[in-house]
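> fold the following, please.
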Amino acid sequence: MPSIEIDGFPIAYAEAGAGTPLLLVHGTLGDQRSFAKQMDPLGAAYHLMSLSMRHCWPGTWFEDGDFTIDRHVADVAGFIATLGQGPVHLLGHSRGGHIAFRVAERHPELVRALVLAEPGGELDESLGGAPASGAQGASFAAGAALIGEGDIEGGLRLIAEYTGGPGAWEKRPEHRKMLSRDNARTLLGQADEGRKPYSRTAAARITAPTLLLGGDQSQPQFGTIIAALMTAIPDARSAVIRRATHSLNEDNPGDFNAAVLEFLAQR
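Numbering: from 1, shown residues only. Next up is the predicted model:
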C-alpha cells in the first residue's frame, strides 16, 4: 500500500479516485480500514486518502512516547504539505476529528473545508465544560490499564461502552472487533496523549467552512461537543445522521456519505 514518510516515519494510506484531495483521519483503535464504506462513494468525486496514524495497522506498536495528539497533528499537516496539491478537504472521526480540528486550527492554509464527525475530547470552561472533568481520559486510562495487563477484550469493551453505551462491544460486527484488536496496544500510548480540551479561542481560529456530523443514537457527550463548537467556529453548520451511533460512518454510510458530498460540493 502507498505511504508518505513524515519525519522519518511512513504514514500508510488507502486511496481511491482523482481530483481535489480529501483526507480521512480515523479515531481511537482504528486505521485506514475504518472508512471502508466511504472509499468508493467519496472516491467517485475526490482523490480520497484514508490515513493510518503512526503506529496503527499496518504499522506496529512500540513504546517510544510519540503516540500523542501533537505528533499526529504534525503527521497530518506534514502529509498534506508533502502531498503538494494545495489545501485539502479534511474529515476526521472521533479522535481523528480532534486531530483534524487541531490541524485546521494550527495550519489554516492547509485546509479547504473541514468535516468533524462526532469529534472526541472534552470542553473547557469557555465552552461550558466542567473544570478539570477528565471523564474521557479516566475511561481511556482504565481501558489501557486492562490492555496492559493482558485483558484485551476487557479493555476494548470498556472503551466501546464509553463511546457507544452499555453492550456496545457485543453489538459490534466481528470485522470491527478485529480492527480494534489489531490496534489495541495503541491505547497504551493514547492514555498519555496530551489531549487538550476544546476552547472557544481555538475554535475561533478555524477559518475553513466546517460541517459537524452527529448520530441520532449517540451518547450525549458527543452532541454536547457539537453544540458547543457550533457556537464558536465562525463558519459552521451541522447535520444529524439517522439510525446512527458514534460509529455513524458505518452505521448509516448512505446518509453519512451523502451529507459529506453535499457539503463539499458547495465548497
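> buried residues in stretch 100-120, which are they?
Buried residues in stretch 100-120, counted by 16 or more other C-beta atoms under 10 Å: 100-105, 107, 110-120. In short, each C-beta sits where N, CA and C put it, glycine included.
> how about the residue nearest to the spatial centre of the chain, nearest residue that isn't a chain neighbour?
Centroid-nearest residue in the chain, with C-alpha atoms, centre = their mean: residue 96, separated by 1.8 Å. Leaving out its chain neighbours, the residue that sits closest to residue 96 by C-beta to C-beta, 6 or more residues apart in numbering is residue 25, at 3.5 Å.
> who's in contact with that neighbour?
Neighbour list for residue 25: 51, 53, 76, 90, 91, 92, 93, 96, 97, 99, 100 [criterion: C-beta atoms under 8 Å, 6 or more residues apart in numbering].
> and which of these is nearest residue 175?
Taking C-beta to C-beta as the measure, residue 175 sits nearest to residue 93 out of the contacts of residue 25, at 16.7 Å.
> which phi and psi does the closest one have?
Dihedral angles of residue 93 (phi, psi; degrees, to the nearest 10) stand at phi -120, psi 130.
> residue 15 bridge partners, please.
residue 49 (DSSP bridges).
> that one reaches residue 47, doesn't it?
Yes: counting by C-beta atoms under 8 Å, residue 15 touches residue 47, with 7.0 Å between them.
> list the buried residues of stretch 14-24.
Across stretch 14-24, burial judged by 16+ other C-beta under 10 Å covers 14, 15, 16, 17, 20, 21, 22, 23, 24.
> now do the same end-to-end measure for it.
10 Å (C-alpha to C-alpha, to the nearest Å).
> from the chain's centre, how far out does it sit?
17 Å (C-alpha atoms, centre = their mean, to the nearest Å).
> who's in contact with it?
Residues contacting stretch 14-24 (C-beta under 8 Å, 6+ apart): 1-2, 32-33, 35, 38-40, 42-51, 76, 79-80, 83, 85, 88-93, 96, 112, 264.
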